[in-house]
Structure formats: structure tokens, C-alpha cells
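Visitor: return atomic coordinates for the entry below.
(chains A, B, C and D, ligands or ions: 5)
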Amino acid sequence: MYEHDVIVVGAGGAGLRAAIAADEEGADVALVTKLHPVRSHTGAAEGGINAALREGDSWDLHAYDTVKGSDYLADAPAVDTFAKSAPEEVIQLEHWGMPFSREDDGRVSQRPFGGMSFPRTTYAGACHGCVAYDIKSGEIHGFRANNGVVLATGGLGQAFDHTTNAIANTGDGCAMAYRAGAPMEDMEMIQFHPTTLPSTGVLISEGVRGEGGILYNDEGERFMYEHGYANNAGELASRDVVSRAELTEVNEGRGIEDEYVDLDMRHLGEDRILDRLENILHLAEDFEGVDGLDEPMPVKPGQHYAMGGVECDENGETCISGLYAAGETACVSLHGANRLGGNALPELMVFGARAGWHAAGKEMKAAEIGTGPSAGSEDGDVEPPVEPGAIDSPDGDVAADGAAIEPTAVIENAVENERERVETLLEDDGINHANVRADVQQTMTENVNVFREEGAVRSALRDIRQARKEYENVAVADPSRTYNTDLIHTIETRNILDVAEAITLGALAREEFRGAHWRAEHQERKDDEWIKHTMLAWNDGTPELYYKPVNLDGDEETYEPKERSY
Amino acid sequence: MSTRIEQRETETDEQSEEQAAESLGDRRRAEKRERKAEQEAQREAEEATLDDEETVLLKVFRYDPEVEGKQEPRFDDFRVPFHKGMTVLDALIYARDTYDSSLTFRHSCRQAVCGSDALFVNGSQMLGCKTQLADLESPVRIEPLPHQEVVKDLVVDMEHFYDQMHAVEPYFDADELPDDGLEEQRQTRENREKVKMSTRCIWCGACMSSCNIAAGDNEYLGPAAINKAYRFAMDEREGERRKQERLRIIEQEHGVWRCQTQFSCTEVCPKDIPLTEHIQELKREAVKNNLKFW
Amino acid sequence: MAKHYSSFERGGRRWLLQRLTAVFLIGVLAFHFLLLHFANHAANITFAGTQARMSQIGYFATMWLFLVTATFHGVNGVYNALINQGIEGTRKTAVKWVLVAASLLLIAQGTRVALAMNGFLQ
Amino acid sequence: MSQSYDRGTVEDFGRWREFSAGMWAWIFHKFTGWVLVGYLFTHIAVLSTALGGAELYTSTLQGLEALLVVRFLEVGLLAVAVFHILNGVRLLMVDLGVGLEAQDTSFYASMVLTGAIVVASVPTFLGGPLA
Ligand SMILES: Cc1cc2nc3c(=O)[nH]c(=O)nc-3n(C[C@H](O)[C@H](O)[C@H](O)COP(=O)(O)OP(=O)(O)OC[C@H]3O[C@@H](n4cnc5c(N)ncnc54)[C@H](O)[C@@H]3O)c2cc1C
Ligand code: HEM
Ligand code: SF4
Ligand code: F3S
Ligand code: FES
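Guide: Ligands and ions are numbered 1, 2, ... in the order given. The predicted structure is shown next:
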């Protein structure tokens, strides 16, 4: 067993920032990760990072944009903390040597991004421990954390089959925390990125539209204006608006090859494209075989970002003392129902740092955001078509409730359980998890996508239940302990199941149209009823849905819900 | 199939308590192997039905130090259906998910940013996700990166590569920072352009694997690490003192001087970083720098 | 882990000298070949002819420099090639001194020959 | 513990079939360089006959020149030297950062030029009095 003050799970932007912060506080930090740090998804971010850096811009404007973008489902304390700290953290990155684009005076360049009122996107581009599996040797180790464990495992895109996320983004952190007892928040809020390449899901960054790229349908119309989806912002409207516009075009028969629309940047001129968007050219060429200088690029919406995640407060702490979450895995509720482009990276920095500091024991202001079931206000009232949650009795995962028991024993116990589970998976005979995974991904993309219709969402729940049953029979065909990816993927598939189910349950519960969440039967935003978070607690295998009020009282102002128009 | 499972269960029940858990495991493993052989046969039958026209034949390197029959490296054939736009990685994923889930390779992003799937395909280093099958000659031979030890199947040990990367101190470390914590450091556009390409490295190791010198001299820093050093040494924000230290690192005997300008690193780099050019520029920089002290 | 630079042995000087000698050698080697195979046919070489050329001080100096630079260039090239193959430790030190000794011998012998040719030793 | 499989140098160098221009240039340059040092030592050894007097020197040299093998070896030497010079110039350009994009073309050019020069010189080398 290894013993450290703080354990950080996940070495993406959030995890690294948390580790640095904890280290600054003098804590001894261990970083557990599935991928080498440089391979994490944070490195994939193409568009940029937001912060109020210039005169004429200020943190409260940034905060206002963020809340507006969130469609009033963000919690104000989180947003304020975020917008105030973002400049500091972005400059921190610059001081750490980030190669930002530059202006003539040597300062970093900023450019307009979807949903922003000022160009401020800088681009570059009681938990005691945990159990870890050594991918290379197949050994299982216990990690004991004296102060805290920070989960920073990134996104959950693999719950869908068309996603911009990496194969490693299987929602592990969410699922682990969830099963350990920390509720998931606003899981139905999934952002679909409007411009991904149809064949691979590779992302074409917001930057193309930021620089002036134009979307056309099969009839050559600039549909964002011509069909009135966003008469002011046009292509720069927020992601949900553009994604829906594209799918509407396709559904109404104006899609190209009935699948996608065109994103054209040729009019920007070769010089500008080469200077600012060169990487986009390479992406289109390598992954779609299209030369962006010569022809428009095909694009369609794809899963991109999870606004929801493990419920936590401004200090990153969940309702389980000592368990923290940061980054895309977490839901401080900064993004609410929709995240603005360029807001994820500063989030990693700001809340990653705060989680790290807090876990390491730094004195910090007590959190204003409440967590755990006690912070809830009313019970949920969905009636799922099938029983969600675990098939059999709870399987003694990372024991979170072991406060009274000696921590080391809790972890040893967990290690033992995990060893047994791995042993069974390796030795038993059964079906390949890949089929189960594919079933879930398919039903999610078909039924819980940009457009959500009650019947479809219900059938997705049935499919997930079915998949859960099948998962009972999975086994790992590869008997080796060395670098057994079969085993890892099989374990991940269980996480995908939990996360997919949570998304779908949330989608069923929220009977309104807010931000990224669109319900066929409920075409308006219902502020009276729905300015509240959907919460899902695992409850030992019987998921329980409840709601938590949204806090819109900011430091400077109370954010009044207004109509979101771009 | 169902009878088999039942049979096994009764057997398990009959096992006496004293029987060592180990032998039980061994038994199950042996049975598992048998069933695998059966599946194998089934798989071959399945493959045979695939039409030759729309398929691609993969010859994939297999090795596993622990699994009988894989301890001696061999090549396995997989026939996968081809569709337009299919990449080498897509084909591998198909082969793994359909035929043999023990086929092991690294991958994550599918978009040439994570650098985990550098492979040796038809005799050249490339990223699986960034290589269109249509551009390759059939059969497609897929091997792990040369000059690195194979952990299993297509997975190589990257430790040495990481060591070399870390040896050049790949982190930004300015001589001095602006006094005001909210003030950014100034950098000219030209300077940012100069280092821009070098910052694109995704640590895939393709370059290092292609370099004959790195193959012979294990201590050679290698093109990727030197490029990393270039990225920082040329960044004007770091200052003169730090630059001197950086030059000193790359000037060691196993640094830039070992490069014999074979260009293969530049040719295989999936991010099109002009590696040889950067190495050569550092050599000249180092010589100029030393001449000052003569 | 690649070792950090520690001593004062920077590879750069030898690298530079290898290039500088190469530049010098381009000229001299071409001249040497043209003179002894084209201008005068190799088959017609006699001691007298050689002596005549060698007693011009410029030619003598050039040839001697040719010898020294070629030796450095060649031997340093060989040494580099061996380092590129990753020889290390005692083997490397041994090779280094063997090569140094061979070069010195070659230059000494070459100088003696050259002096013999221009008549000083006769 | 897992161990890993080291494919060893032999297999690595069995990859010559997949070499690219720059790698071939490296191999050839190496080879020609070694031949040239080898020759340098031999050459000085032969010339050392000058220490034994004029007649010995003249007769040794002319005797060698009388052998047909030696004439052929000399053509080989020329080829080696010409390639080494041309590719050496190419390498010097690369060192100066000139024409890096054309590095493979310039390698092929050195090969072709070497061939041409050697063919053109054959008469001169093989000609001349054999006796
Ligand atoms: C293509 C793309 C472009 C984007 N562009 C932008 C942009 O321009 N601007 C912006 O603000 N945002 C952008 N985003 C969003 C942003 O990049 C992500 O939200 C953010 O990087 C998430 O960071 P993270 O630290 O939470 O997770 P990640 O960077 O994904 O890191 C997750 C880490 O957790 C590890 N991990 C996962 N599971 C486990 C496990 N079970 N055990 C141990 N370790 C585990 C992984 O190995 C990895 O190290 C983009 C996202 C994508 C996909
Ligand atoms: C005439 C012009 C010559 C030029 C332009 C030239 C150029 C070069 C250059 C640039 C290198 C360095 C290659 C590198 O480190 O990447 C080199 C290597 C070498 N040269 Fe020359 N050279 C010339 C003549 C000679 C002569 C006369 C000899 C023999 C004495 C010689 C022997 C070598 C050897 C042995 C190497 C090392 C090869 C290796 O890497 O294994 N060269 N030459
Ligand atoms: S320099 Fe290029 S080839 Fe080398 S590791 Fe970086 S990206 Fe890969
Ligand atoms: S392949 Fe190797 S020799 Fe130099 S140019 Fe690249 S590092
Ligand atoms: S999968 Fe990430 S680089 Fe290919």
C-alpha cells in the first residue's frame, strides 16, 4: 500500500493543476493516471482559453456571459470564483511558457468565440484512498490518502458513438464517485459540438467560425441567417444553437448526403488560413481527405463535452469528505446547461487549483454551494420504464462510508475486492464487452442526442438495462497480466453503463428545453419550474433522483434569467 | 455451449476445500484455452466468408511474454472489411473488437493529438489514426515501433524515450517574470512563429524509432528531445542565462553532435515538425555560442 | 536517463573541425586527383617528378597540410562513427587512444616520407 | 513482473530495405569515408618506399601501376572519393541549413554525378602505358 497526503486520479489539465496546487501547499502528492500526462485530452483543445485580460473587459462581463451561456443553470458562486480567478490562471499558464499567439506589441492575441461579448479567448491551443491497477504489470495497488483524493478523469464521450472525445474518456471518475456515494449533477446536459468531421468525430475548432468560417446547407444557403436560427450571431451562436440548426437542416432534407453540412473557410484567404488555422487544414486532410483551401469541409454535430458530473462545491469537494472532483468530471455547476467555448480550460486551472489547495489543507473560504442529498429540495418524479441501477446487490466498491473503520483496512479490503473481480474477469468465460459497449453507444447516439423525444429516451433506458444484463456475462478473453487492455476496456464499459444511464434518466426527468437539453414535447424554457439541478444518487445500486435549487446570487448582481438570443 | 457451462459449475462444486486455489485457477485457464481454440476456428470460418474485394489483410505482430504460444513473436492475419476513409487504427480496432479482444495496442484520441498509437506500418513509422488504409499496399504489415522493447503485441516500452525527453528539462523556466502577477511576458510574433512548429510534438516517439543513430547509441538524446530543447532554447521569454544552460545540455557528447542528418525523423514525424532543421540550427547556435569564448 | 553535461568536453569543437577540414579537403583532394591522374598519368610517376613538385615550398606545405587534415578528418570520422554505434567506457577510451596513436604515427611517417621526397633527408 | 522482448540490433539493421534517401546517404558516406582512411594509410605506406631511395620508389609505383587490378581499384577509389566529396558538400549545405527540402534530390544527384564522372574517367585511368 502506498501512502500519500493527496492522491490525484487523472493527469489531464485539471489533475495536473490540482497536483501542483497541492504540492504548493506542501502536501505529498501521488498522481494516478490511465494515460501518460501528455496524452490526456487537455492537449486536444484546439480553440482556446478564456479570461478577462484586457481593458474594456472585466471578470463580471465574463461571468455574465458564462451564466447567460449556461441558460441560467449555473451556480453563481462557482461562476464568480471562476471568472475572478481565470485571468490569474491564464497568465500563470503564460508564465509557465504556453506558446500563445501574439500581437505586434508582444502581448497574447485574443479573438471572438461563440457566445462571448468580448474577444477574450486566448488560444494555443470521506474518502481514504483508492485502488489502482498497474496497466503494465497487471498488479493492483492500494493508495491511501491522508488528506484527500481528487478525481480528474476527464469527459465521458465514449457513452456516445459519435464523439470528439478520446477513447480513454469513459466517465470513470463520474462513475466511481457515483458508486462511492457522491451524486451526479445535471448529467443530461451534454454539449454537442456543431463542427465535427462526419467519419471520425474529429473536432473542427470553433476557431474556424471565430475567424469567419461560414456554414452552408445542400442548397448553398447560409442557413444560420437565411433560416433564422441566429439572426445576430449567425455561425457564432452558442454550440447548442448551431448544432440544432445543422440537424434541423439535415432532418428537413437540406443536409448534404443527408448527413452533414458544409463549413467553408476559403474566403478567408490562404494566408490567413495558414497563419491561424493551419492545424484545421491538416485535420480535414488526414481524417476526411478534404483540402480546406480548395473545398468546404463536411461537418456534423458530435458529442463534445459533459456539463454535468460529480457534484462538488467551489472548493472541489464532494459530499464525501476528502473526495474531490475537478475538470470535466466535476460539476461545480459553472457551465449549467451549456458551456461556452474556451471556458473549459480555465475551469481546469481555477477549480483544479482550488481542489488541490483544499485537499492539501489550505485555509479557504467555506463553500457556498451545498452538496449531498441534504442540499436537495425536492424528490424527483420520473418513472423509468425499467429499473435502473445495479442488477445484483451492491458490489462493495471503494468503501466511502467506512469513516468509523480504520482507513487502511478499508483500502485493503477494496484492493482485495478488486483483485477478486479482476481474477474472475480473467478466468471466467463470457461475452466480449465490446458488444455491450457498442449497444450502449448506439442507443445513446440514436435516442439521447441533440433532439430528445420521450419515447426514444425511454427506449434508450430499456436498451441500457438490457446492456447491463449482458454485462453480467462479460469476461476478458486475454488471460495475460501484461498490458491487458481487454481488461481495462471491460472495466471501463461498466462506467459507461452507469454514466449513460444517468444521462438518460436526467434527460427523461427534465421536461423543458434549456441550453443543450432539447425535449421534443417541451419546447420552452420553464423558469418557474426548472431552474434547478437534476441530481442522481447511486444509493447502493438503486439510483435516486432529486433536485437541487440553482443559486443565481452573484457577488455583483443577481443573475436574472433572460431570453437567450444570439 | 450451455452444457459446457453447467458441467463446469458442477465440477467447481465438487472441488474439495483443501484443493489449492492455484490449481483451480490453472484448470480454468486450461479450459479457457480450449474454448479459445474453438472460437479461433469459428473466427476463421467467419473470416473466410468475407469477400476478398472489400477487405484488407492485416499482418499483425503478436507477442506476449506470459501467454503460451505468444512467447515467440509471430504474425497473425486479420481480414477486415474496408470502407472509405478507414484508418489503420480503425482496422485494428475492428480486428480487436470482432476477432481477438486480446490484440493489444495503445490509442486514445483518434485525431493525432495524443501520440499513443505510433506504429511501424509497412516498414515506416506512422500514427495508426492518421494513416488511411487506402494509401497503403496490401497486405498491411503492422509492427511495434523498432528500436524499443516490445511489452506486448504492438505496445513498446516508452520509458527510455520519456527519460530522454525529461533530460532536456522540458518545462518553461524564465530568468525573470513580470513583477505584476497579472502582466504577461512579452513575446514577438516572429519568435512565436519560430517556436510554433516545435511546440507541436505529441511525444509519439516515431522519430526516435526511425533514427539509426538512436538505435546504435542508447544515450543519444534523439530528435524529439532535441526538438523539445529547441522549443525552449529559442523561446525569447526564457532569457539568456537559461538559454546557456539549455545549450549546454544539448551540447553534451550524446546531444546534437550525434545527429548525422539522416532526415528519417523529419520524414516520419506525424506533426510535420522540421526536426533535422531544428537540430542543425541548434548545432550552429552552439558553435556560434562557443566561438564567443575562444 | 541521459546524463547531464558535466565536464568541459563539448562535442562541438570536433564537429566544427570536421566541417572545416572537409572544406579544405574538397579543394586539395580534387587538385591531388587531377594532378596525379589527369595532368600527369599515375603510371608515369617517377621519383624525380615527385621530387620536383615537392621541392616547391607551396606544394610541399599544401601536401603536408593535406596529410594532417585528412588524418584528422578521417580518424575523427571513424571515432564519431564508433560513438554513434554506442561504444562506451573503457572500450571507448581504448579506441580513442589507439586512434590518436595511429594518427600520430601516420603523420610522423608521412612527414618523414615528404621530407625524403623533397630531398632534405637524402 | 512482465519482461519485454528486445528485437536486437540484427533485426533493426535488417530494415535496410525500408531505408530512405537520407539513410542511404549516411550509409554510403560512412562506407566511402572508411575506404578513404584505409587508403590514406596504405598510400602513405606505399609512398614510404621513397625512404628506400629513388629507384625503389619509382619501380614500386610503376610496378603497381602495371597491374590491371590496381587500375581497377583506382577507378573504385575515384568513385568512392567523388561520392564522398559530393555528398560531403551536400552535408555541408545541410549543416548550413541550405536547401533542406531538397536533401533527397541532392543525394540522388550526388549518386548520378558520381556515376557520370567515374564513367567519364575510365579511359584516363585504364588508358596510359600499362608496362
Ligand atoms: C477535441 C477537443 C477540443 C477542445 N477544445 C477546447 C478549447 O478550445 N477550449 C476549452 O476551453 N476547452 C476545450 N475542450 C474541452 C477541454 O479540453 C476538456 O474539457 C478538458 O481538457 C478536460 O480536462 P480534464 O483535466 O478534466 O480531463 P482530461 O484532460 O481528459 O484528462 C483526464 C485524465 O484522467 C485520466 N483517467 C481517466 N480515467 C482514469 C482512471 N480510471 N484512472 C486513472 N486515470 C484516469 C486520463 O488518463 C487523463 O490523464 C476540448 C475538448 C475536446 C475533446
Ligand atoms: C574531399 C573532400 C571531403 C569532404 C567534403 C568530406 C566531408 C565529410 C563530412 C562532411 C563528413 C562528416 C559526416 C558527418 O559527420 O555527418 C565526413 C566524414 C568522414 N570522412 Fe570525409 N570528406 C572529404 C574527404 C575525406 C578524406 C580524404 C577522407 C579519408 C581520409 C575522409 C574520411 C572520412 C571519414 C572516415 C568520415 C566518417 C564517416 C562516418 O561517419 O563513418 N573524408 N566527410
Ligand atoms: S517530434 Fe514528431 S515524431 Fe517525434 S515524438 Fe514529437 S511528434 Fe512524434
Ligand atoms: S533521423 Fe537521426 S540522425 Fe539526425 S536527422 Fe534525424 S536525428
Ligand atoms: S490515437 Fe491519439 S495519436 Fe493516434
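
Visitor: could you verify my assumption that B:Pro81 touches B:Thr55?
Guide: Yes. Counting by CB atoms under 8 Å, B:Pro81 does reach B:Thr55; the two are 5.5 Å apart. Heads up, the C-betas are built off the backbone N, CA and C, glycines and all.

Visitor: the lowest-mean-pLDDT helix or strand in chain C near chain D anywhere?
Guide: Within chain C, no helix or strand scores below helix C:47-54, which has a mean of 87 by mean pLDDT, DSSP states H and E. Yes. On the criterion CB under 8 Å from any CB of the partner chain, helix C:47-54 is in touch with chain D at C:47-48, C:50-51.

Visitor: and that helix, which residues are buried?
Guide: Across helix C:47-54, burial judged by 16 or more other CB atoms under 10 Å in any protein chain shown covers C:47, C:50-51, C:53-54.

Visitor: can I get that helix as PDB, trimmed to CA atoms?
Guide: C-alpha atoms of helix C:47-54 as PDB (Å, rounded to 0.1, in the frame of the first residue of the first chain):
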ATOM      1  CA  PHE C  47      60.800   9.800 -58.000                       C
ATOM      2  CA  ALA C  48      62.300  12.700 -60.000                       C
ATOM      3  CA  GLY C  49      58.900  14.100 -60.800                       C
ATOM      4  CA  THR C  50      57.700  13.800 -57.300                       C
ATOM      5  CA  GLN C  51      60.900  15.500 -56.000                       C
ATOM      6  CA  ALA C  52      60.500  18.300 -58.500                       C
ATOM      7  CA  ARG C  53      57.000  19.000 -57.200                       C
ATOM      8  CA  MET C  54      57.900  18.600 -53.600                       C
END
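
Visitor: name the residues that touch it?
Guide: Under the criterion CB atoms under 8 Å, 6 or more residues apart in numbering or on different chains, residues C:40, C:59-60, C:63, C:114, C:117-119, D:50, D:54-55, D:57-58 lie in contact with helix C:47-54.

Visitor: 10 Å instead, please
Guide: Taking contacts as CB atoms under 10 Å, 6 or more residues apart in numbering or on different chains, the residues outside helix C:47-54 that touch it are C:35-36, C:40, C:46, C:59-60, C:63-64, C:113-120, C:122, D:47, D:49-50, D:53-61.

Visitor: residue 62: neighbour count?
Guide: Picking chain A for this. Applying other CB atoms under 10 Å in any protein chain shown, we find 27 residues neighbouring A:His62.

Visitor: hm, I was asking about chain D
Guide: Neighbour tally, D:Gln62, other CB under 10 Å: 16.

Visitor: got it, and A:Glu406?
Guide: Counted with other CB under 10 Å, A:Glu406 comes out at 10.

Visitor: for A:Ala19, same thing?
Guide: Count around A:Ala19 with other CB under 10 Å applied: 26.

Visitor: hey, C-alpha coordinates of stretch A:278-286 in CSV?
Guide: What follows is stretch A:278-286, C-alpha atoms only, in CSV (Å, rounded to 0.1, in the frame of the first residue of the first chain):
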residue,chain,number,x,y,z
GLU,A,278,-3.2,25.6,-40.3
ASN,A,279,-3.9,22.6,-38.0
ILE,A,280,-7.5,22.5,-39.2
LEU,A,281,-6.3,22.1,-42.7
HIS,A,282,-4.3,19.1,-41.6
LEU,A,283,-7.2,17.6,-39.7
ALA,A,284,-9.5,17.8,-42.7
GLU,A,285,-6.9,16.4,-45.0
ASP,A,286,-5.8,13.5,-42.8
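
Visitor: could you tell me which of the contacts of helix C:47-54 count as buried?
Guide: C:36, C:40, C:46, C:60, C:63-64, C:113-118, D:47, D:49-50, D:54, D:57-58, D:60-61.

Visitor: among these, which lie within strands?
Guide: Among those, none falls in strands (DSSP state E).

Visitor: near chain B, from those?
Guide: Among those, not one lies near chain B by CB under 10 Å from any CB of the partner chain.

Visitor: which of B:Pro81 and B:Thr55 has more neighbours?
Guide: Ranked by neighbour count (other CB under 10 Å), B:Pro81 and B:Thr55 place B:Thr55 first, with 16 against 13.

Visitor: now that the more buried one has come up, it's in contact with B:Asp77, right?
Guide: No. Counting by CB atoms under 10 Å, B:Thr55 does not reach B:Asp77; the two are 11.2 Å apart.

Visitor: contacting residues around C:Leu36?
Guide: So C:Leu36 contacts C:42, C:44-45, C:49-50, C:53 (CB under 10 Å, 6+ apart).

Visitor: how does it look with 6 Å?
Guide: Residues near C:Leu36 by CB atoms under 6 Å, 6 or more residues apart in numbering or on different chains: C:Ala42.

Visitor: okay, it and D:Glu65: tell me how far apart.
Guide: 11 Å (CB to CB, to the nearest Å).

Visitor: who touches both of the two?
Guide: With CB under 6 Å, 6+ apart, C:Leu36 and D:Glu65 have common neighbours C:Ala42.

Visitor: quick one: secondary structure of the residue nearest the centre of chain D?
Guide: The centre of chain D sits closest to D:Val80, judged by CA atoms, centre = their mean, with a distance of 2.3 Å. Three-state assignment for D:Val80 (DSSP: H, G, I helix; E, B strand; the rest coil): helix.

Visitor: mind listing what it touches?
Guide: Applying CB under 6 Å, 6+ apart, the residues near D:Val80 are D:32, D:35.

Visitor: how far away is it from chain C?
Guide: Noted for D:Val80: a distance of 11 Å to chain C, by CB to the nearest CB, to the nearest Å.

Visitor: ok, so what distance separates that residue from D:Pro123?
Guide: In terms of CB to CB, D:Val80 sits 19 Å off from D:Pro123.

Visitor: just say helix, strand or coil for the residue of chain B at minimum distance from ligand 1.
Guide: Distances between chain B and ligand 1 by CB to the nearest ligand atom are smallest at B:Gln111, namely 6.9 Å. Following three-state DSSP, B:Gln111 is assigned to coil.
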